[in-house]
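Trainee: okay, sequence plus prediction incoming.
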Amino acid sequence: MLLIYLPKTSSRIEYVFEFLFRHEWEIDYIFTSDKATFDNYQQEKFNYSSSRFGDEFFIKASPLLYENFITKREIIIHDKYDTKVLFANDESCDLGFDIFSAIFYMVSRYEEYLPFTPDKYGRYKASDSLAFQNNFLQIPVVNIWIILFKNILLKKFPDLIIKPSAFKAIVTYDIDVAYQFKGRSFVRNLGSTINDLVKLKFKNIFSRAKTFLKLQKDPWDVYEYLSETIIQNNLQSIFFFLLADKSTNDRNLNYKHPLMKKLINRIKTFSEIGIHPSFTTSSFPEKIIIEKDRLEKISNIEITKSRQHFLKFNLPQTYNFLLAAGIAEDYSMAFPDKEGFRAGTCKPFYFYDLKNEKPTNLKIFPVTMMEGSFIKPDYDLAQSLQQIFKLINEVRKAEGTFISIWHNHTVSQTSEYLAWKNIHDKMIQYLF
């Protein structure tokens, strides 16, 4: 049993110690604020306070975890152990920085509770993040800090038993628009054809005609290919379905359409499924329950997994809405415009509601990359693939979980996305 000296505890301290010792390492521990008890304890122990007692293992505490308010603060980044660290302190600290405050600042997304200028969709921008501005967005710093701490702690306490971890991968797919042509009304298809004529998109016109004449599969009907890929490679996968009422940013097939119902029940035979709450759920949270209920009725499965459409969420409101809707796992923690580690970690963690200062039971699965962050005019395909490989290597070294987001249309055989289907396939090969 590990004994930890604290002058006092707090909700933040209890959360971050639970995060590391219970969830990450599966170590039993207890707190004490009594110096005599600490001094007399004969097993593994360390002091987390503002000052050292003697020659004990000591981590100097910053004020952050003892606070119960949110305030803008200057976070200075230091280079230590060949990585970036937050909350560095003097040489009296055996680790050289306050790892607990650093972890909490990153995984709580503290900076996203501060005033910021949102993008056009109301989202927090990658460019505003501490990680992006200090060039460590593509590094899972939280996991690196934990490995460093583990190695130093084991030198001090070689008999300490820490649960080993292993690299994992989850491939996920957002079904924003299930088919390019199928499942739409005659009027909608006629309007799309006229629009393609105006824009001289003759390939779309011919492809639509061939699809309806059954001379080809719908170009975005990639589900047989994905089924084979997932089963043959024994992949853990999740498909997130958008079942919203139609709006400007929610344009999937109607959830009542037989094609959608058939597709959902086909996918559930070889993959996990989850709800893709619509763009409008940020403003109308009651829709999360409505859309989740639609998926449960179609699939006859209890839905506990979720990812926000457009990766649009606000802290802590959206996560609390998901909890109220019965969601247990969320897969939205990624920047839509930049790959990397938004929360500094590549392992699941529980959401801490910083505004209300309380831990929750919503498990956050941080996403490493979305293909959409690469599909830009200035991105080179070869460089994009190498960056994906680099991210996989970072997660592998951190013994974490690599989670990717793809869309059915980006892994299709259409000429526009064929190169990205090839990148998807190479990513799968590289994972194993």
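Mentor: That came in fine, so what should we check first?
Trainee: how about the nearest residue to Ser384, chain neighbours excluded?
Mentor: Spatial nearest neighbour of Ser384, excluding adjacent residues (CB to CB, 6 or more residues apart in numbering): Phe374 at 4.3 Å. The way it works is simple: take the backbone N, C-alpha and C, and place the C-beta from them, glycine included.
Trainee: then Ala328?
Mentor: Distances taken as CB to CB, 6+ apart place Thr304 nearest to Ala328, at 4.1 Å, with adjacent residues excluded.
Trainee: ok, the residue minimising distance to the centre of the chain - contacts?
Mentor: Central residue of the chain (CA atoms, centre = their mean): Pro366, 2.0 Å from the mean position. By CB atoms under 8 Å, 6 or more residues apart in numbering, the contact list for Pro366 reads Met333, Ala334, Phe341, Arg342, Ala343, Thr345, Cys346, Lys347, Pro348, Phe349, Ile403.
Trainee: redo those residues as a markdown table? Include secondary structure and neighbour count.
Mentor: Output for the contacts of Pro366, formatted as a markdown table (DSSP: H, G, I helix; E, B strand; the rest coil; neighbours: other CB atoms under 10 Å):
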| residue | secondary structure | neighbour count |
| --- | --- | --- |
| Met333 | coil | 24 |
| Ala334 | coil | 25 |
| Phe341 | coil | 29 |
| Arg342 | coil | 26 |
| Ala343 | coil | 23 |
| Thr345 | coil | 26 |
| Cys346 | coil | 28 |
| Lys347 | coil | 23 |
| Pro348 | coil | 18 |
| Phe349 | strand | 22 |
| Ile403 | strand | 24 |
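Trainee: mind listing what Leu65 touches?
Mentor: Contacts for Leu65 (CB under 8 Å, 6+ apart) come out as Ser10, Arg12, Ile13, Val16, Phe100, Ser101, Phe104.
Trainee: going by distance to Pro219, which of the residues you listed wins?
Mentor: Lowest distance from Pro219 to the contacts of Leu65 (CB to CB) belongs to Phe104, with 46.4 Å.
Trainee: roughly how far does the closest one sit from Phe38?
Mentor: Note on Phe104: its distance to Phe38, by CB to CB, to the nearest Å, is 23 Å.
Trainee: more crowded one of the two?
Mentor: Between Phe104 and Phe38, counted using other CB atoms under 10 Å, Phe104 has the larger neighbour count: 25 against 19.
Trainee: mind giving me the ChimeraX command for buried ones among the contacts of Leu65?
Mentor: Buried residues within the contacts of Leu65, by 16 or more other CB atoms under 10 Å, are selected in ChimeraX with:
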select :12,13,16,100,101,104
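Trainee: low-confidence ranges, the stretch 151-300 of the chain, go.
Mentor: Applying pLDDT under 70 to the stretch 151-300 of the chain flags residues 185-194, 196-200, 202, 205-206, 209, 213.
Trainee: ok, the residue nearest to Ala328 touching Glu329?
Mentor: Yes - with contact defined as CB atoms under 8 Å, Thr304 reaches Glu329; the gap is 6.1 Å.
Trainee: intersection of neighbour lists for those two?
Mentor: Gly274.
Trainee: all helices for the stretch 251-400 of the chain, in order.
Mentor: For the stretch 251-400 of the chain, applying DSSP state H, counting those that start in this stretch gives helices covering 258-267, 286-299, 317-324, 381-397.
Trainee: care to break this structure down by domain?
Mentor: 2-156, 168-180+218-431, 181-216 (automatic domain parsing).
Trainee: circling back: so which of the helices of the stretch 251-400 of the chain is nearest Phe432?
Mentor: Between Phe432 and those, the shortest gap by CB to CB is with helix 381-397, which sits at 10.5 Å.
Trainee: got the buried residues for the closest one?
Mentor: For helix 381-397, a neighbour-count test (16+ other CB under 10 Å) marks Ser384, Leu385, Gln387, Ile388, Leu391, Ile392, Glu394, Val395, Arg396 as buried.
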